[in-house]
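In: Sequence first, then the predicted structure, then my questions.
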Amino acid sequence: GLHFLGPGQLRRRLAGVSPAHLRTVVTATFQQRRKTVRNGLKQLALTVYEGDKERVQQFFESEPLPLPQSVQDAVDAGDEFALA
């Protein structure tokens, strides 16, 4: 079922990511209906890279970063949230 997390547990699960930054990414991802996640994030990436389209393209084509150690520890401990 649905359950809420306390602030401490939420911070651990965010693994150092600012809640405001997470909100910005989630909002940018889902603000357009029937668009791909990549298209939703393209405008945000252009803002981050100050309009440099070549750097944005490199960002989208790069390999994903490894999981932070706190997230990997949660996966290893069987945390269902971390496995999703």
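Out: Sure, I can see it.
In: residues near residue 48, how many?
Out: 14 (other CB atoms under 10 Å). For glycine as for every other residue, the C-beta is placed from the backbone atoms N, C-alpha and C.
In: ok, it - contacts?
Out: Residues near residue 48 by CB atoms under 8 Å, 6 or more residues apart in numbering: none.
In: Distance check, it against residue 73.
Out: 28 Å (CB to CB, to the nearest Å).
In: go on, residue 17?
Out: 16 Å.
In: what about this protein, any weak spots by pLDDT?
Out: In the predicted model of the chain, residues 1-2, 33-35, 81-84 satisfy pLDDT under 70.
In: Return the distance of residue 56 relative to residue 5.
Out: Counting by CB to CB, the gap from residue 56 to residue 5 is 33 Å.
In: between these two, which one's more packed in?
Out: residue 56 (20 against 11).
In: The more buried one touches residue 44, doesn't it?
Out: No. Using CB atoms under 8 Å, residue 56 is not in contact with residue 44, being 9.6 Å away.
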